[in-house]
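**Student:** structural data only, the sequence is not supplied:
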């Protein structure tokens, strides 16, 4: 355990977090205060840009706060980064192999989905970031997430890390939590049945395949599902269910809307009526405006 106050970093999956614990007592307005870690943040971005990343402010963020949000891309490896008064975070991802229909940026388990070469690039840049942080903050503390290989041990570590669970160390039997429930707004499955720790539940992955596993509550309406000895999935309560006679056992292909169709639809929705009428008339169609 940490006995003295010190800046720290920790890594979870492909995200690097920095926490400024040594600069909390100051007289300035915190909105105007220039925290030391802001400099660390920009030095990391400059290093990544020098190594080939196309780094820019995140265009999807409102202009008012855009100066605190950045994105970058180098070949197929991408990152998103943001800073705030008590630290910053940089998360890497890719959009080659992903489950979330909105892209790899929104996936869970990003590291496990990375193709081999992409993963090697991520490891390379992660190590460069950590070396730079070590040179900038010599006494920085490594508080990285525990990541054991066995699924049950992995969930126990998440319980210890969470302030919403009472466990202070991993010296407990996960099976001792079997039977525990949650409030209805966090603990009802697809069919409004109460979910209990240790139960076997089914869910359908974003790839369309049917999965089953033993469940344990995580946070809010999210539940951990132990798929096998090594694999864990994080699933919302309303996605869990008991298999019913009417449920299809095989794969249900996820709906894929072509990007070209989405682009055309957006263009149409953003066009004025007169522009649409003019375009249709150019194509030789008779159009009457009501």
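**Tutor:** Thanks, I have it. Values in this document were obtained by computation on a predicted structure and should not be read as measured data.

**Student:** now residue 112: which helix or strand?
**Tutor:** Remark: residue 112 resides in helix 110-113, with elements defined by DSSP states H and E.

**Student:** beyond that helix, next helix or strand please.
**Tutor:** Toward the C-terminal end, the helix or strand that comes next after helix 110-113 (DSSP H and E) is helix 116-136.

**Student:** what is the mean pLDDT for the helix or strand following that next one?
**Tutor:** Note on helix 116-136: by DSSP H and E, the next helix or strand toward the C-terminus is strand 141-142. Averaging pLDDT along strand 141-142 yields 84.

**Student:** strands of the stretch 51-200 of the chain, start to end?
**Tutor:** Secondary structure of the stretch 51-200 of the chain (DSSP state E, counting those that start in this stretch): strands at 54-57, 69-74, 77-84, 87-94, 141-142, 200-204.

**Student:** neighbouring strands - and their directions - for the first one?
**Tutor:** Here strand 54-57 is paired, per DSSP bridges, with strand 69-74 (antiparallel).

**Student:** what's the answer for the shortest one, then?
**Tutor:** Strand 141-142 pairs in its sheet with strand 8-12 (parallel), by DSSP bridges.

**Student:** now do the buried residues in the partner strand.
**Tutor:** Buried positions in strand 8-12, judged by neighbour count with 16 or more other Cβ atoms under 10 Å: 8-11. Quick note: C-beta positions are derived from backbone N, CA and C, even for glycine.

**Student:** can you tell me which of the residues you listed is nearest residue 232?
**Tutor:** Nearest to residue 232, judged by Cβ to Cβ, of those is residue 11 at 17.8 Å.

**Student:** just flag the most distant two among the buried residues of strand 8-12.
**Tutor:** 8 and 11 (11.2 Å).

**Student:** worst mean pLDDT among the strands of the stretch 51-200 of the chain?
**Tutor:** strand 141-142 (a mean of 84).

**Student:** list the contacts of that one.
**Tutor:** Strand 141-142 has contacts (Cβ atoms under 8 Å, 6 or more residues apart in numbering) with 2, 6-10.

**Student:** my guess is residue 9 contacts residue 130, does it?
**Tutor:** Yes - between residue 9 and residue 130 there is a contact at 7.3 Å, judged by Cβ atoms under 8 Å.

**Student:** intersection of neighbour lists for those two?
**Tutor:** Counting by Cβ under 8 Å, 6+ apart, the residues touching both residue 9 and residue 130 are residue 16.

**Student:** quick one: strands adjacent to the biggest strand by length in the chain?
**Tutor:** In terms of residue count, the longest strand belonging to the chain (DSSP state E) is strand 210-219. Using DSSP bridges, strand 210-219 pairs in its sheet with strand 200-204 (antiparallel), strand 222-226 (antiparallel).

**Student:** go through that strand and flag the buried ones.
**Tutor:** Across strand 210-219, burial judged by 16+ other Cβ under 10 Å covers 211, 213-218.

**Student:** and what of stretch 187-203?
**Tutor:** 187-190, 195-197, 199, 201-203.
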